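Chemist: Pasting the sequence and the predicted model now:
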Amino acid sequence: MKILYAIGTGPGDKELLTIKAVKRIREADIIFAPHNKGKNMALDTVKEYVQDKKVILLNFPMGKVTKQDYTDVADTIHDLIPEGKCGVYLTIGDPMIYSTFIYLMNELEKREIQIDIISGIPSFIAAAAQTKIPLVIKGDKFLLMDEFCEELLDDTDTLCILKTLRDKEAILESLDGKGFNYTYVKRVSLEDEHVLTDKEEIINDKDYMSLILGRKKDND
Ligand SMILES: C[S@@+](CC[C@H](N)C(=O)[O-])C[C@H]1O[C@@H](n2cnc3c(N)ncnc32)[C@H](O)[C@@H]1O
């Protein structure tokens with residue numbers, strides 16, 4: 001049987017890798033990671049454990065990735081792991097949160113391969129720690145989104161919005177209107193981490209590796 005470990009590499013700081021992730025990478029015969037225009041934060045995070053292992057950067061086309069693209073990548077992964085050996089697929093944060101791996105997993109499950117998921121620390125959990133903004137206390141409701149939905153705010157105490165590049169101005173207007181404090185965290189846990197609270201500065205920043213944490217003012 002072939003085995004694929006989907007490994008969450010956390011928010012970027014290599015000290016936030018799990019021991020299990022490090023063990024599985026050390027044991028692996030082959031390492032897979034998405035190509036991302038030649039940059040790959042997950043691979044950067046684990047590079048000291050990869051050493052001279054074979055690394056395959058998988059190409060997901062720009063724009064909308066089709067079912068056929070996932071089928072092709074699943075075939076590549078399946079074909080390249082030798083029988084009886086194991087490979088790892090690296091994802092930033094946790095593999096079960098807004099990750100390409102979720103779509104890939106659906107394709108891989110149709111093949112003769114065992115899939116195990118190794119959790120990683122998600123970006124918003126690391127951001128809550130770095131900013132000391134509590135995500136939830138007793139009785140709170142927390143909302144995680146990658147597409148903003150204003151209608152849900154009335155029934156929410158704390159929220160996190162990932163993939164902040166779109167409509168930031170409208171999002172912040174909406175959070176102001178609904179009585180939320182907000183904090184923008186970019187590149188959390190990395191050397192160039194930045195925390196911004198000024199509305200204009202947040203709107204002007206264009207880093208994909210960023211998120212917005214919001215908490216209702218009445219809760220503080
Ligand atoms: C495709 S999602 C992946 C989420 C990831 N699986 C997780 O558990 O955090 C990509 C988004 O995650 C967020 N993200 C990932 N790493 C981050 C970091 N180090 N700092 C801030 N945001 C990060 C950003 O919002 C980015 O646009």
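Modeler: Done, it's in. Numbers count the residues shown, from 1 in each chain.
Chemist: Just the strands from this protein, written as ranges.
Modeler: In the chain, the segments counted as strands under DSSP state E are 2-8, 30-34, 54-58, 86-91, 113-118, 142-145, 158-161, 180-186, 194-196, 210-216.
Chemist: Quick check: residues of this structure near the ligand?
Modeler: For the chain, the contact set with the ligand under CB under 6 Å from any ligand atom comprises 11-12, 91-94, 97-99, 122-123, 162-164, 185-189, 208-211. For every residue, glycine as well, the C-beta is placed using N, CA and C.
Chemist: circling back to that earlier point, tabulate the strands of the chain (a markdown table), appending mean neighbour count and mean pLDDT.
Modeler: Output for the strands of the chain, formatted as a markdown table (neighbours: other CB atoms under 10 Å; pLDDT from 0 to 100):
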| stretch | mean neighbour count | mean pLDDT |
| --- | --- | --- |
| strand 2-8 | 24 | 98 |
| strand 30-34 | 22 | 96 |
| strand 54-58 | 15 | 95 |
| strand 86-91 | 25 | 98 |
| strand 113-118 | 16 | 98 |
| strand 142-145 | 15 | 98 |
| strand 158-161 | 24 | 98 |
| strand 180-186 | 21 | 98 |
| strand 194-196 | 15 | 98 |
| strand 210-216 | 22 | 97 |
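Chemist: so can I have a markdown table of those strands showing distance to Thr71?
Modeler: Converted to a markdown table, the strands of the chain look like this (distance: least, CB to CB, whole Å):
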| stretch | distance to Thr71 |
| --- | --- |
| strand 2-8 | 16 |
| strand 30-34 | 15 |
| strand 54-58 | 13 |
| strand 86-91 | 16 |
| strand 113-118 | 14 |
| strand 142-145 | 29 |
| strand 158-161 | 31 |
| strand 180-186 | 34 |
| strand 194-196 | 39 |
| strand 210-216 | 31 |
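Chemist: Let me see the confidence value for Ser189.
Modeler: Ser189 carries a pLDDT score of 98 in this model.
Chemist: was I right about it contacting Lys14?
Modeler: No - using CB atoms under 8 Å, Ser189 makes no contact with Lys14, being 9.4 Å away.
Chemist: So which of those two has more stuff around it?
Modeler: Counted by other CB atoms under 10 Å, Ser189 and Lys14 do not tie: Ser189 has more neighbours, with 20 against 15.
Chemist: Quick check: phi and psi on the more buried one?
Modeler: Backbone geometry at Ser189, expressed as degrees, to the nearest 10, gives phi 80, psi -10.
Chemist: what separates it from Pro95, distance-wise?
Modeler: To Pro95, Ser189 is 18 Å away according to CB to CB, to the nearest Å.
Chemist: dump the residue contacts of the residue in the chain that the ligand sits nearest to.
Modeler: Nearest residue of the chain to the ligand: Gly93, at 2.1 Å (CB to the nearest ligand atom). Applying CB atoms under 8 Å, 6 or more residues apart in numbering, we find Gly93 in contact with Gly8, Thr9, Gly10, Pro11, Ser99, Gly120, Ile121, Pro122, Ser123.
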